[in-house]
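>>> Predicted model follows, preceded by the sequence.
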Amino acid sequence: MKSKVLQFMSISILLLGFSSIILFEGCDAEDENYGISIVNKSYEVVKTEKLGTQTIVYFKINIILHNSGSNTSEDITVSIWDENDGLKTLRNGTISPGKSLPFVFGENDDWMVVGLGEHNVNIAFSPTNESRKTQYNSGSATLVISTYDIINDNSSPGFEIILVVIAIATLTFYKRKDNR
């Protein structure tokens, strides 16, 4: 009798264990219908304008989101803003399962920063309907954009190397002259 009770309890525990694993995985899969993430963020300088003493720099910024989930995403809104001014620019779209979608800012000279140097651009994405927001369909990141590469300092590239070569040649000449 003890053997049958022990056997029944062992089978019950095993069945309960397997069913909990299956149910747990099923619940987890339900939450992960969307797996939206940023897979790439890049920028390019479009143009610069001088306005009085200020320099205005226009950018084209590309943010690529990927949906690793099994369903087409909700309508996703991507917003970017410069840390200094806080003005948000928005784009939105839906992403098919297993696909990526680029969100482009600045195609019509509508994204700019004031001043040269580095700027932190905040990026956030979430469903347009905020009540549908989860950890699987929302997120944020920062993109550091730089305008150092467009600064014109009117220097002659390579001139420093020529000075070093002339200095070495001069030192060598005087050293040989002293050795004679």
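Okay, I see it. Residues are numbered from 1 along each chain as shown.

>>> Quick one: find the helix or strand in this protein with the lowest mean pLDDT.
When each helix and strand of the chain is scored by mean pLDDT, DSSP states H and E, helix 2-31 comes last, with a mean of 57.

>>> Give me the below-cutoff pLDDT ranges for this structure.
Low-confidence segments of the chain (pLDDT under 70): 1-3, 5-6, 8-10, 12, 14-32, 109-110, 148-159, 180.

>>> Who are the packing partners of the next helix or strand after the least confident helix or strand of the chain?
Counting by DSSP states H and E, the element after helix 2-31 in chain order, helix or strand, is strand 36-51. Applying 3 or more C-beta pairs under 8 Å, 6 or more residues apart in numbering; DSSP states H and E, one finds that strand 36-51 contacts strand 54-67, strand 118-127, strand 139-146. Quick note: C-beta positions are derived from backbone N, CA and C, even for glycine.

>>> could these be laid out in CSV, adding distance to Thr94 and mean neighbour count?
Below are the helices and strands packed on strand 36-51 laid out as CSV (distance: least, C-beta to C-beta, whole Å; neighbours: other C-beta atoms under 10 Å):
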stretch, distance to Thr94, mean neighbour count
strand 54-67, 9, 18
strand 118-127, 10, 18
strand 139-146, 16, 14
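
>>> Kindly reformat these as TSV containing distance to Ser100.
Formatted as TSV, these follow (distance: least, C-beta to C-beta, whole Å):
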stretch	distance to Ser100
strand 54-67	4
strand 118-127	13
strand 139-146	15
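
>>> among these, which is nearest Ser96?
Closest to Ser96 of the helices and strands packed on strand 36-51 is strand 54-67 (C-beta to C-beta; 6.5 Å).

>>> Give me the packing partners of that closest one, helices and strands only.
Identification of packing neighbours for strand 54-67 by 3+ C-beta pairs under 8 Å, 6+ apart yields strand 36-51, strand 76-82, strand 100-105, strand 112-114, strand 118-127, strand 139-146.

>>> For the one residue sitting closest to the centre of the chain, which non-adjacent residue is closest in space?
Residue closest to the average C-alpha location in the chain (C-alpha atoms, centre = their mean): Lys41, at 4.1 Å. Distance criterion C-beta to C-beta, 6 or more residues apart in numbering; nearest residue to Lys41, sequence neighbours excluded, is Leu143 at 4.8 Å.

>>> And for Lys60?
That would be Gly106: by C-beta to C-beta, 6+ apart, it lies 4.1 Å from Lys60.

>>> Likewise for Glu83?
Leaving aside its sequence neighbours, Glu83 sits nearest to Asn120 (C-beta to C-beta, 6+ apart; 4.2 Å).

>>> Since that was my last question, I'll sign off now.
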